[in-house]
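# Model the structure of this input:
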Amino acid sequence: MNMRKSLGGLKAGIVLLAGIAIAGGAIGKTLRFADFGPNRGDRAAALMWFADEVKKRSGGSLEIEFHWGGALFSTKASLKGVADGVADMGSIVGFMTPKELQGYNLGDLPVDNADEWIGMRALYKLATGDAQLRKEFDKAGVVYVSNYTTGPVQLICKKEVKTLADLKGQKVRASGPYGKAFTEIGASVQSMAQDKVFQALDTGLIDCNQNYFYSIMAYKQYEVAQNVVELDWGQNMSFGIVMNKGAHAALTDAEKRVLAEVGSAFIDRMAQMMVNGREKDKRELVAGVGGKTIKVSSLPAADRTRLLAAGHDQVNAWVTTATAGGLDAKGLLAAYERNITEFAKEKSAKGYPWAR
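Got it, this is the predicted structure:
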């Protein structure tokens, strides 16, 4: 038995019980939720909706108290912070814990999966239903609740990029398996935080940046680079909500059902906000924002095929590493791809849930 995790679960249970308050004769449990982001923007709004739904559907027996901006622990320490009971719930970023969440990091692979709702639904079904992932989260000391997404990967550049050949030798800021794929294509890949990119583009330290439409807007990168290549090249989805095992065990069966129901509903809510936001941001960029008009283009079909092939090489690399780590990585990937196909068919037949 892992004594540290056992004590962490016990601590979480004590914290949760200490948060029980009696109001109007009803017992209410307050769950402390740690998030590294600020209390603004679409993701924060979606989380507030999540909290409201949990309270409403539980009849007030569950409430969520947010601690924003990394107040309880850093982004890198988020998984450990929740597992140790510093918070009852929290947002995690899987690539910061690649060993602990090696299977879940499958959500960051450059597969041909650019639709927010399809992607999150596929990964949610995998994380809640696959025995390997459930075991992985359990071993990490947490219970998986729901998921976020960055949306599809795009590229913003100072000069127009018409083909992949134009990227050869170009200094491209990129990350994770996408960065490795750009290297394979011939780009000179640089690593830096997103908040450093504006100056790097402005000074010519880099030529292009891997990003997403909402983040291009948020960081105002359109002011220093006016060419976007719409890659729609996978998403970063190893990015979700987890709960401390001890705190989860302290819930009643009815409260656990509420949390699961709202976790599933959150996928649709988050996807709706991301899809609508992406379309709005793209329209504004093309129409002109901040005195700058952005050109949005796509790669030729042959280059798109080559890009996906470079991404697939990184998927294969993950399979090799994850298999060596003890996972049935091929089986996990196959299940994920089946889920993507399933939800793509559902969307094609019925449309998005919020538009039905």
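
# Start and end of stretch 288-302, how far apart?
30 Å (Cα to Cα, to the nearest Å).

# With stretch 201-216 instead?
Across stretch 201-216, first to last residue, Cα to Cα, it's 12 Å.

# Strands of the stretch 101-250 of the chain, start to end?
142-147, 154-157, 171-173, 188-190, 208-211, 227-229, 239-244 (DSSP state E, counting those that start in this stretch).

# chain center to the last one: distance?
So that's strand 239-244. 11 Å (Cα atoms, centre = their mean, to the nearest Å).

# Then the third one?
Put simply, strand 171-173 sits 22 Å off its chain's centre (Cα atoms, centre = their mean).

# swap in the second one?
Using Cα atoms, centre = their mean, we find the averaged C-alpha position of strand 154-157 to lie 19 Å away from the chain's own average C-alpha position.

# Equivalent analysis for the fourth one, please.
Using Cα atoms, centre = their mean, the distance from the centre of strand 188-190 to the centre of the chain it belongs to is 23 Å.

# follow-up on the earlier one: adding mean neighbour count and distance to residue 306, write the strands of the stretch 101-250 of the chain out as JSON lines.
In short, each C-beta sits where N, CA and C put it, glycine included. Converted to JSON lines, those look like this (neighbours: other Cβ atoms under 10 Å; distance: least, Cβ to Cβ, whole Å):
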{"stretch": "strand 142-147", "mean neighbour count": "25", "distance to residue 306": "30"}
{"stretch": "strand 154-157", "mean neighbour count": "24", "distance to residue 306": "14"}
{"stretch": "strand 171-173", "mean neighbour count": "22", "distance to residue 306": "16"}
{"stretch": "strand 188-190", "mean neighbour count": "18", "distance to residue 306": "17"}
{"stretch": "strand 208-211", "mean neighbour count": "26", "distance to residue 306": "17"}
{"stretch": "strand 227-229", "mean neighbour count": "23", "distance to residue 306": "14"}
{"stretch": "strand 239-244", "mean neighbour count": "25", "distance to residue 306": "27"}
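
# how about TSV for these, with distance to residue 53 and mean pLDDT added?
Output for the strands of the stretch 101-250 of the chain, formatted as TSV (distance: least, Cβ to Cβ, whole Å; pLDDT from 0 to 100):
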stretch	distance to residue 53	mean pLDDT
strand 142-147	11	98
strand 154-157	31	98
strand 171-173	37	98
strand 188-190	41	97
strand 208-211	31	97
strand 227-229	35	97
strand 239-244	13	97
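
# Now render those strands as CSV, adding distance to residue 200.
Output for the strands of the stretch 101-250 of the chain, formatted as CSV (distance: least, Cβ to Cβ, whole Å):
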stretch, distance to residue 200
strand 142-147, 30
strand 154-157, 12
strand 171-173, 7
strand 188-190, 8
strand 208-211, 8
strand 227-229, 16
strand 239-244, 24
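
# which one of those strands lies closest to residue 295?
strand 227-229 (5.3 Å; Cβ to Cβ).

# ok, and what's touching the closest one?
With Cβ atoms under 8 Å, 6 or more residues apart in numbering as the test, strand 227-229 has contacts from 154-161, 213, 216, 285, 294-299.

# Can you flag which of these belong to helices?
213, 216, 285 (DSSP state H).

# The last one touches residue 220, doesn't it?
Just to be clear, that refers to residue 285. No - judged on Cβ atoms under 8 Å, residue 285 makes no contact with residue 220 at a distance of 11.1 Å.
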